[in-house]
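Novice: generate coordinates for the sequence data below:
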Amino acid sequence: MMNRFYQCGRMVFDFGVNQLSSKSSLVVLISMFFSFSVLAQDITVSGKVSDKSGDGLPGVTVQLKGSSKGVATDMNGSYSIAGVPANGTLSFTFVGMTSQEVAIGGRSTINVTLADDAALLEEVVVVGYGTVKKKDATGA
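Specialist: Residues are numbered from 1 along each chain as shown. A predicted model of the protein is given here:
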């Protein structure tokens, strides 16, 4: 019988004639590791969210669809969200604006322009002394 025994500490490895050699096994394991790590790669996505005039929108919620992972844009409308899958989808939401979903598609920079949602301004808002249309209640 042509068996080879290798001892490493207290463990004994038995490699028979019909089994892969230890070098071949190592190559196969390393190949599998790299192929799985490429498939499940998480990336960092950053960008800017602006309105139709190009001004940055602070406080926009940027969330990974189907997850609780999300961030809010800073005072300039910039954001950065780490650890998202390259094939995921980001959802951009802001009060008074139309929500938008964008597929990441492996990109590391995604800039978004949100449009005004005029339908939201026609909603009725109940205030302490009566009712007014939302468009009349917004403003300074």
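
Novice: count the neighbours of the residue lying closest to Gln41 once chain neighbours are set aside for me.
Specialist: Using Cβ to Cβ, 6 or more residues apart in numbering and skipping the chain neighbours, the partner closest in space to Gln41 is Ala86 (5.6 Å). Bear in mind the C-beta positions are built from the backbone N, C-alpha and C, glycine included. Residue neighbour count, defined by other Cβ atoms under 10 Å, stands at 16 for Ala86.

Novice: contact partners for Ala86?
Specialist: Applying Cβ atoms under 8 Å, 6 or more residues apart in numbering to Ala86 gives the contacts Gln41, Asp42, Ile43, Ile104, Gly105, Gly106.

Novice: got a markdown table for these, with pLDDT and distance to Ala82 too?
Specialist: Compiled in a markdown table, those are given as follows (pLDDT from 0 to 100; distance: Cβ to Cβ, whole Å):
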| residue | pLDDT | distance to Ala82 |
| --- | --- | --- |
| Gln41 | 79 | 13 |
| Asp42 | 89 | 8 |
| Ile43 | 93 | 8 |
| Ile104 | 95 | 13 |
| Gly105 | 92 | 17 |
| Gly106 | 92 | 15 |
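
Novice: secondary structure element for Thr44, which one?
Specialist: Element membership of Thr44 [criterion: DSSP states H and E] is strand 42-50.

Novice: what sits up against the next helix or strand after that strand?
Specialist: Beyond strand 42-50 in the direction of the C-terminus, DSSP H and E gives the next helix or strand as strand 61-64. Outside of strand 61-64, the residues within contact range by Cβ under 8 Å, 6+ apart are 49, 69-73, 79, 81, 84, 88-94.
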